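Enquirer: here is my input; please provide its structure:
(one chain, ligands or ions: 1)
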Amino acid sequence: MSLYRNSVWFVKGLREYTRAGYESAAKRFVEDDLGVDVAGRHYMITGANSGIGKATALAIAKKGGTIHMVCRSRERAEEAKKEIESHTGNQNILVHLLDMSNPKEIWEFAEKFKSENKLNVLINNAGCMVNKRELTDDGLEKNFATNTLGMYILTKALLPALEKEEDARVVNVSSGGMLVQKLTVSDLQFECGTFDGTMAYAQNKRQQVTLTELWAKSHSKIHFSVMHPGWADTPAVRSSMPDFHEKMKNRLRTEEQGADTVIWLSISPAVVKYPSGLFFQDRKPVPTHLPLASTHSSPEDEEKLLHTLEELSQRFVPVTCKL
Ligand SMILES: NC(=O)c1ccc[n+]([C@@H]2O[C@H](COP(=O)([O-])OP(=O)(O)OC[C@H]3O[C@@H](n4cnc5c(N)ncnc54)[C@H](O)[C@@H]3O)[C@@H](O)[C@H]2O)c1
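Expert: Now for the predicted structure:
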């Protein structure tokens, strides 16, 4: 079944996820959709110093939005901030240092952020594919800590701030790779069997889709979406998937093409015509399962994911945030 899923997915990818796939899809884009001025609105983008995150930050800064860049490295973040400022003339670009694999730091950051800022749109873009099973200082598997638990805690902690604002949105940058995975909740940190970084990443990205669907149901004041950027030529693809990059480099999307749907979901008034909780590719909702792939999960498993993440995340709430 896994061979079936991988083959169907790769053929689909060659048709849809490449640069040619983007160019073909872009023929139906409505130009006016991005014709908005978002001055006064605040956008938080995780992993905003490179790739799709930076292209998103640049485009939204051009439209006048205040950008909160959430990054790990001060040096790389400051360099990207300068580039965004000089390209756009927008001076409302703020850098926040945060390691998305450190749950305690995320809780602390979100508490402080909420007390000092407003937030209209959260863009969960930071992500990683670590190919060997590595643990963080907290003993968490690195892909899970960054892609699932970190994203869960940041979103959870910022929901009250988002709920206070008009037209609040959460945009989760997942991956079409999740189509090959069925949600697994019994082994969230990949302790059993042989570790496969690509599959761990795809499982995390499936979890992001499930979380988006669940949050959309329980938080009606916020518009949630999750998306696949296509296959874009970014530092992550170059370093984590060197063989794939080598074979595909002439067919990959640019970072801007990968970011297009993130930008559209974050700023366009056209988006809120769609129900909350959908999975998008090239400005269009698309199915979250491949045909005949048996990847549908039970409502019990989906609830269990939420419950397990909530329980785990609470272990890292600093005393100051509990007061
Ligand atoms: N490029 C693609 O083809 C592709 C395809 C599908 C999904 N994606 C997703 O797009 C998103 C952006 O990736 P990209 O391709 O632009 O790669 P990238 O390497 O340019 O960007 C990833 C960003 O996440 C940041 N990041 C990673 N771990 C972090 C941590 N612990 N704390 C803080 N920041 C952290 C990195 O520093 C970087 O800024 C990711 O979620 C990725 O999974 C990309």
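
Enquirer: list the contacts for residue 96?
Expert: 68-71, 109, 113 (CB atoms under 8 Å, 6 or more residues apart in numbering). All C-beta atoms are positioned from the backbone trio N, CA, C, and that covers glycine.

Enquirer: now do 6 Å
Expert: Residue 96 makes contacts with 68, 70, as judged by CB atoms under 6 Å, 6 or more residues apart in numbering.

Enquirer: A strand includes it, no?
Expert: Yes: judged by DSSP: H, G, I helix; E, B strand; the rest coil, residue 96 forms part of a strand.

Enquirer: give the bridge partners for it, please.
Expert: Beta bridges link residue 96 to residue 70, judged by DSSP bridges.

Enquirer: and the helix or strand residue 203 falls within, which residues are buried?
Expert: In the assignment (DSSP states H and E), residue 203 maps to helix 197-218. Across helix 197-218, burial judged by 16 or more other CB atoms under 10 Å covers 197-216.

Enquirer: what's around residue 78, how many residues?
Expert: 14 (other CB atoms under 10 Å).

Enquirer: dihedrals phi and psi, it?
Expert: Residue 78 adopts backbone torsions of phi -70, psi -40, taken as degrees, to the nearest 10.

Enquirer: against the ligand, how distant is it?
Expert: 13 Å (CB to the nearest ligand atom, to the nearest Å).

Enquirer: residue 146 now?
Expert: Distance from residue 146 to the ligand, by CB to the nearest ligand atom: 4 Å.

Enquirer: and if you look at residue 106?
Expert: Distance, residue 106 to the ligand, using CB to the nearest ligand atom: 9 Å.

Enquirer: now residue 79
Expert: 12 Å.

Enquirer: my read is that residue is in a helix, agree?
Expert: Yes: judged by three-state DSSP, residue 79 forms part of a helix.

Enquirer: count the neighbours of the closest residue to it other than its chain neighbours for me.
Expert: Excluding its sequence neighbours, the residue lying closest to residue 79 (CB to CB, 6 or more residues apart in numbering) is residue 49, at 7.4 Å. Residues within reach of residue 49, counting by other CB under 10 Å, total 26.

Enquirer: now residue 63
Expert: 19.

Enquirer: per-residue confidence for it?
Expert: The model reports residue 63 with a pLDDT of 98.

Enquirer: need the phi and psi values for the closest residue to it other than its chain neighbours.
Expert: The shortest distance from residue 63 to any non-neighbouring residue, by CB to CB, 6+ apart, is to residue 38 (4.7 Å). In terms of degrees, to the nearest 10, the main-chain angles of residue 38 are phi -110, psi 20.

Enquirer: show me which residues of the stretch 151-300 of the chain are close to the ligand?
Expert: 173, 175, 228-229, 231-232, 234-237, 258 (CB under 6 Å from any ligand atom).

Enquirer: do that again at 5 Å, thanks
Expert: Residues of the stretch 151-300 of the chain lying near the ligand by CB under 5 Å from any ligand atom: 173, 175, 229, 231-232, 234-237.

Enquirer: how far out from the middle of the chain is stretch 90-101?
Expert: Centroid separation between stretch 90-101 and its chain, computed with CA atoms, centre = their mean, to the nearest Å, is 16 Å.

Enquirer: in the protein, which spans are helices?
Expert: Along the chain, the stretches classed as helices by DSSP state H are 2-16, 19-26, 51-62, 74-88, 103-116, 142-143, 151-163, 197-218, 235-240, 242-248, 255-267, 299-314, 319-322.

Enquirer: pipe those into CSV and attach distance to residue 179 per row.
Expert: Shown next, in CSV, are the helices of the chain (distance: least, CB to CB, whole Å):
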stretch, distance to residue 179
helix 2-16, 5
helix 19-26, 15
helix 51-62, 19
helix 74-88, 31
helix 103-116, 28
helix 142-143, 18
helix 151-163, 19
helix 197-218, 8
helix 235-240, 18
helix 242-248, 16
helix 255-267, 16
helix 299-314, 17
helix 319-322, 36
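
Enquirer: out of those helices, which gets nearest to residue 276?
Expert: Evaluated over the helices of the chain, closeness to residue 276 peaks at helix 197-218, with 3.9 Å, by CB to CB.

Enquirer: that closest one vs helix 299-314, what angle?
Expert: Comparing the axes of helix 197-218 and helix 299-314 via axes from the mean of the first three to the mean of the last three CA atoms, to 10 degrees yields an angle of 100 degrees.
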